[in-house]
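Enquirer: I need the structure of the sequence given here:
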Amino acid sequence: MRIDAKGIHYRELNERIHVAIAQGETEFILDNVQGHRYIGTGLNEAIRVTINGVPGQDLAAFMNGTEIVVHSNVQDGAGNTMNKGKIVVHGDAGDVLGHAMRGGRIFIRGNVGYRAGIHMKAFREHFPVVVVGGVAKEYLGEYMAGGLIVVLGLDRDSQPLVGDWMGTGMHGGLIYLRGDVQSHQLGREVGSAEMTDEEWAVLQGILQEYATDFALKESFQRDEFHKFYPQSARPYGRLYAY
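Expert: Below is the predicted model:
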């Protein structure tokens, strides 16, 4: 089903999508999207949505199984509290990407803004993955409690791979950076270590999927990546009274 979103209020656009799903539609192409909010929010169905344009805030919030492909940039809050499914963005993403994300995968071809992956978490079979093709701003992985964040630094020129305070408050999950980072850019809660063979096998699978989605010919080598992990599951335990 193809919908021209030009001039349509975001509520009407989302209502059209929900009605069509109830009628059995499984494939959507949305043209002329210009800041329409909440596309894909709360969708439980295994459908595919292709977006031509720039979706607005909270794309795919609370999404639970849908696949969304964006042929442009996305605004703030994409993947907010997402449970399952996949977002593939052929451009950049704004701030708080994957906020409290609980499962699924988000692949960004370009750069991301501030606080990407904040409070990501994993539970039982749910394991969230965020892969950033370019660079990330400050507070990447802030209060991260689970899952995996990967920053590849593709086409970054002289830009730093990540901003300062990466992993501040981190108490779960892992971050892999393809490139160097200065110690002053890390939160106090973050440690670094060599990848295990099992971890590299998992990362390889994710990178292969990412490369396929974006038709990349890039070759990723194990020794290019640095692993960062939380040094404590309760980094602020001594600051509170119980």
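Enquirer: alpha carbons of the longest helix belonging to the chain, as PDB, please.
Expert: For the chain, the helix with the greatest residue count under DSSP state H is helix 197-213. Extracted C-alpha coordinates of helix 197-213, given in PDB (Å, rounded to 0.1, in the frame of the first residue of the first chain):
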ATOM      1  CA  ASP A 197      36.100 -15.400  20.400                       C
ATOM      2  CA  GLU A 198      32.400 -15.800  21.200                       C
ATOM      3  CA  GLU A 199      31.900 -12.100  21.300                       C
ATOM      4  CA  TRP A 200      33.700 -11.600  18.000                       C
ATOM      5  CA  ALA A 201      31.500 -14.300  16.400                       C
ATOM      6  CA  VAL A 202      28.400 -12.500  17.600                       C
ATOM      7  CA  LEU A 203      29.700  -9.200  16.300                       C
ATOM      8  CA  GLN A 204      30.600 -10.600  13.000                       C
ATOM      9  CA  GLY A 205      27.100 -11.800  12.400                       C
ATOM     10  CA  ILE A 206      25.700  -8.300  13.200                       C
ATOM     11  CA  LEU A 207      28.300  -6.600  11.000                       C
ATOM     12  CA  GLN A 208      27.400  -8.900   8.100                       C
ATOM     13  CA  GLU A 209      23.700  -8.100   8.400                       C
ATOM     14  CA  TYR A 210      24.500  -4.400   8.600                       C
ATOM     15  CA  ALA A 211      26.700  -4.500   5.500                       C
ATOM     16  CA  THR A 212      24.000  -6.400   3.600                       C
ATOM     17  CA  ASP A 213      21.300  -3.800   4.500                       C
END
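Enquirer: buried stuff in it?
Expert: Buried residues in helix 197-213, defined by neighbour count with 16 or more other CB atoms under 10 Å: Glu199, Trp200, Leu203, Ile206, Leu207, Glu209, Tyr210, Ala211, Asp213. Every C-beta, even on glycine, is put in place using the N, C-alpha and C of the backbone.
Enquirer: and if you look at stretch 181-193?
Expert: For stretch 181-193, burial by neighbour count (16+ other CB under 10 Å) applies to Val181, Gln185, Leu186, Gly187, Glu189, Val190.
Enquirer: do the same with stretch 18-30
Expert: Neighbour-count burial for stretch 18-30, with 16+ other CB under 10 Å as criterion, is recorded at Ala20, Ile21, Phe28, Leu30.
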